[in-house]
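*Asks:* structure for this input, please:
(chains A and B)
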Amino acid sequence: MTPRRFLATLGPGVLWLMAFLVVPALIMLGYSFLTRTDLAQVGSPWTLESWGRVIGYDALFQEWTGDNLRVLWRSVWVAGLSTLLCVLLGYPLAFYIARQDARRRQLLLLLLIIPFWTNFLIRVYAWIILLRPFDLVPSLTATLLGMVYAFLPFFVLPVYASVEKVNWSLAEAAQDLGAPPARAFWSAVVPQTWPGLVAGILLTFIPALGTFVVSDLLGGAKTALVGNLVQNQFGQAGDWPYGSALSFLLMGLVLLGLWAYARVAGRRGLEELV
Amino acid sequence: MTRTHPLLAAWAWLVYAFLYLPILVLIVFSFNESRFGAEWTGFTTKWYGVLLDRADVRAALGHTLQVALLSTLVSTVLGTLTGLGLWRYTSRARAALSTLLVLPIVIPDVVMGVMLLMFYAAVRAGLERAGWTFDNGFWTVLLAHVTFQISYVALTVRSRLSGYGPELEEAARDLGASAWQSFWRVVLPLAWPGVLAGALLAFTLSLDDFVVTYFTSGSGFQTLPVLIYTNVKRGVTPDINALSTLLILVTVVAVLVANALLRPRRKG
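*Replies:* Predicted structure coming up:
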């Protein structure tokens, strides 16, 4: 393993990610300390104002209003609730698919993959068509439905992968030893699906936390999430420093979630997740 | 053991209904005569005609395919090399690199989009001082897509190779192969299914991407997802139903073809 060969394989990819990921992140960090001068223009003086707004101060850093924290809280619980709904809908589904014979299993998985591969925007748009007659767009209900719909396949696929590997003889053994079926399921089957379940929850929660498309098209202004707030700073509001600070907050939340997952599943688990 | 509780089966079919109902409604409404509202006023295929006449739709389709093909090509080469490197070198550098590669996958796409938007703005400002100009468009979108695709290709290739040790390559070298020959004739053929799977994934991600494209494309360059978004923001139009229906049809065909190709051959 000569340095030359090291450079030949890892070099180009690392260079690319440095140029288009690490450098942009550093530029964004710089922007978050600048002042907005004109629409989408930034300049000196260097200031902590944007970061103050992130933790709930008003624009002039005078008074603590908690505005931003409210949006943040809403984002977390909307993402959490849609993840919970995905668990309720998807966990039994994974068991149903795994217990079919090979042919039917193949077909059911195919039916799951088709919406998964269908363009994300079309899947969100389809809900506008469906909910419009019920006067539900825009609303928080529509956002929740859209999120569950958009992220459900992300949840079911990893859960299915671990349900398929379940060793059912453990459940039979538990029943032989006198456990009622529910108890046998809870103690002998659920723990075996834990890795898939945690991966599925994370793969649902993280995109749900960061999305702006679903809430933008289905939720309207009153139910804005952090993602919408970020988008707005780079669109109408034209406040790049504030948008940068918000982006870091969003990134921090996601990395916190991953760190928690790594604590549970170990580093190998993190590598298997992606 | 294929018996399942009837309640479980009912639940499963309910979830499938939930997954397909919006898609079916969308398809049905693409054949609706009415221009406005959700009322059914009669069957028509005229929206498909309207769609095919739209120059912006044809341009967006062209842009989508150009970006997807070219970015897949670049990211497959870069990602395969990175995946091979990850497989071959076990060191502390590898752990740091794994983190770097996971970032584009876990960072919310809106953050990635605005990050690249600011990056391009800074580069543009620098170039303008040197007397050069450029606008956001094909190239900015292409580079952005490659950035999120590399990780997926690299990780797919690495996981494909994870069952093999470096002794395969060493054996080839012992038998007299040059570094180039052992790469070309031993390592690459082993990695090949991973390379193809990674390329397929990269292509799909590019076709599907809206958020990063939206922030890096500028005003004159649209892909199909961006076009759908800007049209939907203006209000629901039946020709977008028709466009969506066609894209769903393409998806179904693609999934069926991929499924037929990847299905393991029956024994005997």
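
*Asks:* where in chain B is pLDDT low?
*Replies:* B:1-3, B:37-38, B:90-93, B:262-268 (pLDDT under 70).

*Asks:* quick one: the helices in it?
*Replies:* Using DSSP state H, the helices of chain B run over B:6-29, B:46-53, B:55-88, B:92-106, B:109-129, B:138-161, B:167-174, B:179-182, B:188-208, B:211-216, B:224-233, B:238-262.

*Asks:* of those, flag the one that's most buried.
*Replies:* helix B:211-216 (a mean of 26; mean count of other CB atoms under 10 Å in any protein chain shown). C-betas here are computed from N, CA, C, even on glycine.

*Asks:* who touches the nearest residue to A:Thr223 once chain neighbours are set aside in this structure?
*Replies:* Spatially, and ignoring its direct neighbours in sequence, A:Thr223 is nearest to A:Leu140 (4.7 Å; CB to CB, 6 or more residues apart in numbering or on different chains). Residues counted as contacts of A:Leu140 (CB atoms under 8 Å, 6 or more residues apart in numbering or on different chains) are A:Val78, A:Gly219, A:Thr223.

*Asks:* was I right to think the first one contacts A:Leu144?
*Replies:* So the one you mean is A:Val78. Yes: using CB atoms under 8 Å, A:Val78 is in contact with A:Leu144, at 6.7 Å.

*Asks:* tell me the pLDDT at the closest residue to chain B within chain A?
*Replies:* Among the residues of chain A, A:Gly210 lies closest to chain B, at 2.6 Å counting by CB to the nearest CB. Looking at A:Gly210, its pLDDT is 89.

*Asks:* thinking again about what came up before, can you redo the helices of chain B as CSV with distance to A:Gln106?
*Replies:* Shown next, in CSV, are the helices of chain B (distance: least, CB to CB, whole Å):
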stretch, distance to A:Gln106
helix B:6-29, 15
helix B:46-53, 32
helix B:55-88, 27
helix B:92-106, 28
helix B:109-129, 31
helix B:138-161, 22
helix B:167-174, 33
helix B:179-182, 38
helix B:188-208, 18
helix B:211-216, 33
helix B:224-233, 30
helix B:238-262, 8
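
*Asks:* and the angle from the helix or strand A:Arg123 falls within to helix B:224-233?
*Replies:* Here A:Arg123, judged by DSSP states H and E, is contained in helix A:120-131. Between helix A:120-131 and helix B:224-233, the angle comes out at 30 degrees (axes from the mean of the first three to the mean of the last three CA atoms, to 10 degrees).

*Asks:* quick one: the next helix or strand after helix A:120-131 to helix B:6-29, angle?
*Replies:* Per DSSP H and E, helix A:120-131 leads on to helix A:140-164 as the next helix or strand towards the C-terminus. Put simply, helix A:140-164 runs at 130 degrees to helix B:6-29, going by the same axes, to 10 degrees.

*Asks:* just checking, what packs against the helix or strand just after helix A:140-164?
*Replies:* Heading C-terminal from helix A:140-164, the first helix or strand you meet, by DSSP H and E, is helix A:169-176. With contacts defined as 3 or more CB pairs under 8 Å, 6 or more residues apart in numbering or on different chains; DSSP states H and E, helix A:169-176 has these neighbours: helix A:181-184.

*Asks:* which of the contacts of A:Leu140 fall in helices?
*Replies:* Counting by DSSP H, the contacts of A:Leu140 contribute A:Val78 to helices.

*Asks:* save the contacts of A:Leu140 as CSV, and put in neighbour count and distance to B:Leu65 too.
*Replies:* Listed next are the contacts of A:Leu140 as CSV, based on neighbours: other CB atoms under 10 Å in any protein chain shown; distance: CB to CB, whole Å:
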residue, neighbour count, distance to B:Leu65
A:Val78, 22, 35
A:Gly219, 24, 32
A:Thr223, 20, 35
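
*Asks:* for B:Leu97, state which of the contacts of A:Leu140 is nearest.
*Replies:* A:Val78 (34.3 Å; CB to CB).

*Asks:* how near is that closest one to A:Gly146?
*Replies:* 11 Å (CB to CB, to the nearest Å).

*Asks:* repeat that for B:Thr76.
*Replies:* 33 Å.

*Asks:* same thing with A:Val137?
*Replies:* Applying CB to CB to A:Val137 and A:Gly146 gives a distance of 9 Å.

*Asks:* which residues do these two both contact?
*Replies:* A:Trp127, A:Leu218.

*Asks:* okay, these two: which has more neighbours?
*Replies:* A:Gly146 (27 against 21; other CB atoms under 10 Å in any protein chain shown).

*Asks:* leaving out chain neighbours, which residue sits closest to B:Leu256?
*Replies:* A:Leu110 (7.7 Å).

*Asks:* contacting residues for B:Pro238?
*Replies:* B:Pro238 sits next to B:Phe29, B:Ser30, B:Asn32, B:Ser34, B:Arg35, B:Trp47, B:Val50 when contact means CB under 8 Å, 6+ apart.
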